[in-house]
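> Generate coordinates for the sequence data below:
(2 chains)
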Amino acid sequence: MGRHQPVAKTYHPPRQVDWGKSVTRRRYMKRELTSVFLIAYALVLLFGLWRLSQGEAAFEAWRATLSHPLAIFGHGLIFVAALYHTRSWFEVMPRTLPDSAMNPASITRAGWTAAAIASLLVLTFVVVGGV
Amino acid sequence: MKRSNEPITWLPFGAGGMLSALIAPVLVLVTGLLVPLGVLPRNFMSYPRMLAFAQNPLGKLLLLAVISLFLLHGCHRLVTTLHDYGLKAGHAPMALFFGAAVLASLFALVLLLRIGF
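Residues are numbered from 1 along each chain as shown, chains lettered A, B, ... in the order given. Alright, predicted model coming up:
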């Protein structure tokens, strides 16, 4: 080493990635992972729309694949991920609204309530429209 | 100050996150589980019904919103997470993933128009 010693240490951000040692990090990873499942679901719908545009035979073939055990299993995973997204989206929401007069827990509860009402509306629309 | 292009990608991220937080679970439950398993009658998703839904302007809007916003939200989140885990390649990953989501959305729009009114 020369005689010129560095006086101030330059800040280097830590290089190591935390792959899930802390609870908050694991929560973050689960939250971010829901995006993959939402993309997968949107692609399933897009594919179905494409088959719908090709006529009845193509659409019914797509519908038959939805009943395959693997498709059911996949949609089960997507459902769990979507529920986790609903939960975490509204849990994080108070942090995106730091100036809100509402207290954080109320914002989260309001979000979950809105999701429950929206889901009931969709389900009602499906059942009433289907009968 | 240089203007940020962040809002262009952040707005669909937020809108898609909100829409999916509200209705993604129930949509997956109906289209992926209840109807294929026969808990709800299987003819709920029959060709004539789905065609009528996709021909209705409101149905079109809903299909487009769900497909495109879920994709834009998901791709945005995926890229920011990959960045956080060490993928440092400037704007390229966001342009690639977000661009793919935009292209897929345009494809959905074309399909909806082709299905007609």
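> neighbours around the residue in chain A that chain B sits nearest to, how many?
Relative to chain B, the nearest point of chain A is A:His75 (2.9 Å; Cβ to the nearest Cβ). Where C-beta positions appear, they are placed from N, C-alpha and C, glycine not excepted. The burial metric for A:His75, expressed as a neighbour count using other Cβ atoms under 10 Å in any protein chain shown, is 24.
> same question, A:Arg25
Look at A:Arg25: counted by other Cβ under 10 Å, it has 13 neighbours.
> list the contacts for the residue of chain A closest to chain B?
Contacts for A:His75 were tallied using Cβ atoms under 8 Å, 6 or more residues apart in numbering or on different chains; they are A:Tyr41, A:Leu66, B:Val28, B:Thr31, B:Gly32, B:Leu33, B:Pro36.
> and what of B:Gly116?
If you count contacts by Cβ under 8 Å, 6+ apart, B:Gly116 has them with B:Gln55.
> wait, what's in contact with B:Met50?
With contacts defined as Cβ under 8 Å, 6+ apart, B:Met50 is in contact with A:Leu52, A:Phe59.
> The helix or strand it falls within: what's the following helix or strand?
For B:Met50, the enclosing helix or strand under DSSP states H and E is helix B:47-55. Using DSSP H and E, the helix or strand that directly follows helix B:47-55 along the chain is helix B:57-84.
> buried residues in that next one?
By neighbour count, and taking 16 or more other Cβ atoms under 10 Å in any protein chain shown as the criterion, the buried residues in helix B:57-84 are B:59-60, B:62-64, B:66-82.
> Of the residues you listed, which ones also sit close to chain A?
B:Leu63, B:Val66, B:Ile67, B:Ser68, B:Phe70, B:Leu71, B:His73, B:Gly74, B:Cys75, B:Arg77, B:Leu78, B:Thr81 (Cβ under 8 Å from any Cβ of the partner chain).
> The nearest residue to B:Tyr47 once chain neighbours are set aside: how many residues sit nearby?
Nearest non-adjacent residue to B:Tyr47, counting by Cβ to Cβ, 6 or more residues apart in numbering or on different chains: A:Glu56, 4.5 Å away. Using other Cβ under 10 Å as the criterion, A:Glu56 is surrounded by 13 other residues.
> any idea which element the residue sitting nearest the centre point of chain A lies in?
Central residue of chain A (Cα atoms, centre = their mean): A:Thr34, 3.4 Å from the mean position. A:Thr34 is part of helix A:23-53, with elements assigned from DSSP H and E.
> List the buried residues in that helix.
By neighbour count, and taking 16+ other Cβ under 10 Å as the criterion, the buried residues in helix A:23-53 are A:28, A:31-32, A:34-35, A:37-42, A:44-46, A:48-53.
> give me the subset of those residues touching chain B.
A:32, A:35, A:38-39, A:41-42, A:44-46, A:49-50, A:52-53.
> would you list these in CSV and tack on pLDDT?
Conversion of those to CSV gives the following (pLDDT from 0 to 100):
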residue, pLDDT
A:Glu32, 93
A:Ser35, 97
A:Leu38, 98
A:Ile39, 98
A:Tyr41, 98
A:Ala42, 98
A:Val44, 98
A:Leu45, 98
A:Leu46, 98
A:Leu49, 98
A:Trp50, 98
A:Leu52, 98
A:Ser53, 97
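> In those, find the pair that's most separated.
The widest separation within these, taken as Cβ to Cβ, falls between A:Glu32 and A:Ser53 and amounts to 33.1 Å.
> residue ranges with poor pLDDT in the chain?
Answering for chain A, as no chain was given. Low-confidence segments of chain A (pLDDT under 70): A:1-8, A:12-15, A:131.
> was after chain B, sorry
Per-residue confidence for chain B (pLDDT under 70) gives these ranges: B:1-2.
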